[in-house]
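Colleague: fold the following.
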Amino acid sequence: MTTQLFRGEHAASYDLRMPRLVPGYGLIPELTLPMLRTQLGEKATILVAGAGTGAEIIPLAKAEPGWSFIAIEPSPDMVALLDIKLDELSLKDRVSLHNHPMEVFDSEQKADAAIANLVSHFIQGDTAKTRFFRALFQVLKPASPLLHLEYVPGSEPVSPEYNEWARQAGHSEADVQQMSVRIANGWDAPSQDRLSTAVRAGGFKTSIEFFRALDYRGFLSR
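Modeller: So this is what the prediction gives:
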């Protein structure tokens, strides 16, 4: 699904659009770095599922020269953009690029941590979500952390507060309505209970919430 969603102009404009679609989006890299620094040493391998154009990898790679990365991204266009960025920043030797879904990643290499931001709501059904989290769990070393940012709706698929925030972010009323329809009908955003069940069924024993902005929540699971 993400292969079809993030291609062409939709992929090219991703970096510009995200801060106006996800409240607190700019805080995520700032929070991810201290969360991982307290968990990892100077040398570490971090897997990023749904790596996109490098919103997580690039700031982490700049901050920690001893960290290497496994980038998993199913969209060819997003991978191409990430490859260009890594080349421009001389970071290609520290990032292994994989153009396929997380669920088919096959490697004996184990990661010291994983990141999976804004991915699970694109995965349809509880069985598939569990398979996604199990794939993440299996690639991690024992007790290693997974940081994941999730869209977790409340009683409604899209809260009035999120719609109001979108208006404040500069979206027209037509844009707001279109986004609401897309989220309600195109995403499979899990409730807190569904998300917790999928994460536990995937192998993770505990999850703590470290970030919340309206319907978006960040968790550390292990």
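Colleague: ok, which stretches of the protein are helices?
Modeller: Applying DSSP state H to the chain gives helices spanning 2-5, 9-12, 14-17, 27-37, 57-63, 76-88, 126-139, 160-168, 173-186, 192-201.
Colleague: could you dump the ones you listed to a markdown table with mean pLDDT, mean neighbour count and distance to Tyr216?
Modeller: C-beta: built from backbone N, CA, C; applies to glycine. Formatted as a markdown table, the helices of the chain follow (pLDDT from 0 to 100; neighbours: other C-beta atoms under 10 Å; distance: least, C-beta to C-beta, whole Å):
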| stretch | mean pLDDT | mean neighbour count | distance to Tyr216 |
| --- | --- | --- | --- |
| helix 2-5 | 48 | 14 | 18 |
| helix 9-12 | 58 | 14 | 20 |
| helix 14-17 | 77 | 13 | 15 |
| helix 27-37 | 94 | 17 | 9 |
| helix 57-63 | 97 | 18 | 19 |
| helix 76-88 | 95 | 18 | 20 |
| helix 126-139 | 98 | 19 | 17 |
| helix 160-168 | 96 | 16 | 9 |
| helix 173-186 | 94 | 13 | 12 |
| helix 192-201 | 97 | 17 | 12 |
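Colleague: neighbours of Phe204, how many?
Modeller: Counted with other C-beta atoms under 10 Å, the neighbours of Phe204 add up to 22.
Colleague: can you pull the contacts of it?
Modeller: By C-beta atoms under 8 Å, 6 or more residues apart in numbering, the contact list for Phe204 reads 133, 137, 146, 221-222.
Colleague: just want the most central residue of the chain.
Modeller: Centroid-nearest residue in the chain: Asn117, 1.5 Å away (criterion: C-alpha atoms, centre = their mean).
Colleague: tell me the predicted confidence for the residue nearest to Gly24 when sequence neighbours are not counted.
Modeller: Nearest residue to Gly24, sequence neighbours excluded (C-beta to C-beta, 6 or more residues apart in numbering): Ala213, at 3.5 Å. We have a pLDDT of 96 for Ala213.
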